[in-house]
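# Turn this into a structure:
(one chain, ligands or ions: 1)
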Amino acid sequence: MRMVTTMKNEMFETISQRKSVRKYNLEPLKEEAMENVRELIANVKPLYPDIAYSVAITDKTKGMFNIKAPHYLIFTSEEKKGAAENIGFVGQQLDLKLSAKGYGTCWLGGSKPQDKDSSPLPPMLCMAFGESVGSPHRTHSEFKRKPLAEISSGTDERLEAARLAPSGMNQQNWFFIAENNQIHCYRKKTKLGFTAKLAAIDIGIAICHLAMVSDEFSFSAQENVPQKKGFVYVGTVG
Ligand SMILES: Cc1cc2nc3c(=O)[nH]c(=O)nc-3n(C[C@H](O)[C@H](O)[C@H](O)COP(=O)(O)O)c2cc1C
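Now for the predicted structure:
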């Protein structure tokens, strides 16, 4: 079984204490803190480098299930196969890094910027962030998630990091098959529309968690992988 190193354990600690924060101190963060956030944005890695995307910061969003926060990240992307998975992967790096710095965050799947932002790409979704009212963290035992046996087969220490990933409406519409030190990743087949978009973003988020606890992360679509009924194969984490 693959072992997770000490450095990766620090990432696991961040993963196992994060939570969605829905109550914020509406005071804007200081300029130095915002500079820090811009630096985090500049350093994220995409899952698919050939898909154009952008991450911008705004203080106003609108949409279904929107929440009040001092700041929001706006994720835009070119419309292409893998775009939603890519944004999930990119955004979750920011979610974890902001959480590790003690800020609150919350993905907002139905939110859009209130004003037209400067990106020529269409907005996909947003993420609230700022200083949380109350702790931005929780303990591992407070997570409400499906058991590993329901969302995976095979054995790999990294699967727990995927299990703890956030998902739209906590649907956890994913499946993982661990074999030969690799993890095949699947998202639930859903009808077109909002739920399909969420399922694709969600698997990108879970793949980000796997990347964070992998000593050497690789991701590729392989031939001859096992099929999982009711699910679509997305790719394999090495
Ligand atoms: C893609 C995505 C979209 C989400 N959209 C919303 C939203 O619009 N409003 C909201 O309050 N929470 C939203 N959430 C947060 C989820 O409800 C939350 O992640 C899930 O219930 C698990 O809880 P946790 O993040 O505290 O672990 C979203 C999460 C994801 C991953």
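# When you work out contacts or count neighbours from here on, use the C-alpha atoms and nothing else.
OK.
# Send over whichever strand or helix holds residue 232 as CSV, restricted to the C-alpha atoms.
Taking DSSP states H and E as the definition, residue 232 sits inside strand 231-237. C-alpha atoms of strand 231-237 as CSV (Å, rounded to 0.1, in the frame of the first residue of the first chain):
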residue,chain,number,x,y,z
PHE,A,231,-20.5,6.4,-13.6
VAL,A,232,-18.2,8.0,-16.2
TYR,A,233,-14.5,7.4,-16.1
VAL,A,234,-12.6,10.7,-15.8
GLY,A,235,-9.0,9.7,-15.4
THR,A,236,-6.4,8.0,-13.3
VAL,A,237,-4.2,9.4,-10.5
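# Which residues does it contact?
174-175, 182-189, 207, 210-211, 217-222, 227 (C-alpha atoms under 8 Å, 6 or more residues apart in numbering).
# Tell me the strands beside that strand, with direction?
The strands beside strand 231-237 in its sheet (DSSP bridges) come out as strand 182-188 (antiparallel), strand 219-220 (antiparallel).
# Could you check the longest one against the ligand for contacts?
Yep, that's strand 182-188 we're talking about. No. With C-alpha under 6 Å from any ligand atom as the criterion, the ligand is not reached by strand 182-188; the gap is at least 13.1 Å.
# which residues sit against that strand?
In contact with strand 182-188 (C-alpha under 8 Å, 6+ apart) are residues 156, 173-178, 199-200, 203, 207, 225, 228, 230-238.
# Which SSE is immediately downstream of it?
helix 194-212.
# Show me what that following helix is packed up against.
helix 6-15, helix 83-100, helix 159-163, strand 174-179, strand 182-188, strand 231-237 (3 or more C-alpha pairs under 8 Å, 6 or more residues apart in numbering; DSSP states H and E).
# that older thread, filter the contacts of strand 182-188 to the buried ones?
Among the contacts of strand 182-188, those classed as buried by 16 or more other C-alpha atoms under 10 Å are 156, 173-178, 199-200, 203, 207, 231-238.
# which of those residues come close to the ligand?
When contact is defined as C-alpha under 6 Å from any ligand atom, these do not meet the ligand at all.
# before we move on, the earlier item: out of the strands paired with strand 231-237, which is the most enclosed?
Of all these, strand 182-188 has the most neighbours on average by mean count of other C-alpha atoms under 10 Å, namely a mean of 23.
# For it, list the C-alpha coordinates in CSV.
Extracted as CSV, the C-alpha positions of strand 182-188 are listed here (Å, rounded to 0.1, in the frame of the first residue of the first chain):
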residue,chain,number,x,y,z
GLN,A,182,-3.1,4.0,-9.0
ILE,A,183,-6.6,5.5,-8.4
HIS,A,184,-9.2,5.4,-11.2
CYS,A,185,-11.6,8.3,-10.8
TYR,A,186,-15.3,8.3,-11.9
ARG,A,187,-18.1,10.8,-11.7
LYS,A,188,-21.8,9.8,-11.5
